[in-house]
Each structure stands twice: as structure tokens, then as C-alpha cells.
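> can't give you the sequence, but here's the structure:
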């Protein structure tokens, strides 16, 4: 079998997350700068080698003040930790196009294992003859496991920012 290299297409991909704010509403965010190196055997992603990174300074939530706070040592500490990374340790096919992707997520020099649900959308040729593959990934992490502990107690009870972060990732890959 031949090794196939894939790269993430940033123009057709989104690395997003959602966090409960004030215990009852969601705040969405994403990273605008990211890259991935993916190696497969032919076009089989079941044993893919995946290395992903995102520039923490590229985090955006639609609020300049909130984005500025996310870049401080309270959260991503972008001055000291300019990237977060994910290195896959396994990809197991469940049924049809459904996979479970396991790997190590590193944020602020803390590495923890995570499991993501991955839905494979297939491979097709674009109008210019390039092979593209599509995945939708989702999962949950507890931000405190990576030392993202900042919070404030609300007067009515509860906290401003949930510990749980829901990940929603849509990627389009281009065969190299």
C-alpha cells in the first residue's frame, strides 16, 4: 500500500467550540489559523496518522474584549503557548462512516487524551481534479483538565463560564 498525504483546506474547514455562558446560553468560538498533516494508507483513514495545530492567538468569538481575555494567562496564554496541538493515537471505525478518533490534546503545555466522534463524509473530486475528503468531528472536554480554570461566581448562583467545552469541527482535506 502507498502512503497518501492529506492537508487541511482552511478555506473550507472550521475548528469551533461552544461553552455555556452564565449557565444558560452558549458562546461560540473558533480558531482562524490552523494546519494538519495527515498520512493514510491509500485512501483508508482507519489507521491515519494525524497531527493538527491551531494558533491560539487566532481565537475569535465575535467579541474583541472576550477574545483579548481568552489570549491572557487566564485561558490560552498565547504569549507563552502560541499553539494547541492534537496528535491522533487511533481511529476506529464504528459503523459505516462513523469513527471514533482518539488522541492527545495539548493546551498550555498540558497533554491529555481525548476521544472525538468522527463522521466521514466521503471522498470526491473537485472541479479542478483534486481529491477531497470530508470529516465532521465532535466531542466534549473539561477545560479545567488543561489548567483553564478562570471563572467568576454569579450573584444569582452558578458560574460565568462552564467547565464543559463542546467541540464542533468540520474539515475538508485535500490529497497532496
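Yes, it's here. Here the structure is a predicted model, which is why all the values come from computation and not from measurement.
> and residue 62, helix, strand or coil?
coil (DSSP: H, G, I helix; E, B strand; the rest coil).
> count of neighbours near it?
By the criterion of other CB atoms under 10 Å, residue 62 has 10 neighbours. In short, each C-beta sits where N, CA and C put it, glycine included.
> look up phi and psi at it.
phi 90, psi 0 (degrees, to the nearest 10).
> check residue 65 too.
Reported as degrees, to the nearest 10, the phi and psi values for residue 65 are phi -70, psi -40.
> endpoints of stretch 75-91, how far apart?
Length of stretch 75-91, first residue to last, CA to CA, to the nearest Å: 29 Å.
> how far off centre is that stretch?
9 Å (CA atoms, centre = their mean, to the nearest Å).
> one more: stretch 121-134?
22 Å.
> so what touches it?
If you take CB atoms under 8 Å, 6 or more residues apart in numbering as the criterion, stretch 121-134 is touched by 6, 9, 43, 45, 97, 120, 135-136, 170-175.
> now with 7 Å, please.
If you take CB atoms under 7 Å, 6 or more residues apart in numbering as the criterion, stretch 121-134 is touched by 6, 43, 97, 135-136, 172-175.
> do stretch 101-115 as well
For stretch 101-115, contacts defined as CB under 7 Å, 6+ apart pick out 50, 76-77, 81, 84-91, 100, 116, 118, 137, 139, 141, 145-147.
> of the contacts of stretch 121-134, grab the buried ones for ChimeraX.
Command for ChimeraX that selects the buried part of the contacts of stretch 121-134, burial taken from 16 or more other CB atoms under 10 Å:
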select :6,135,172,173,175
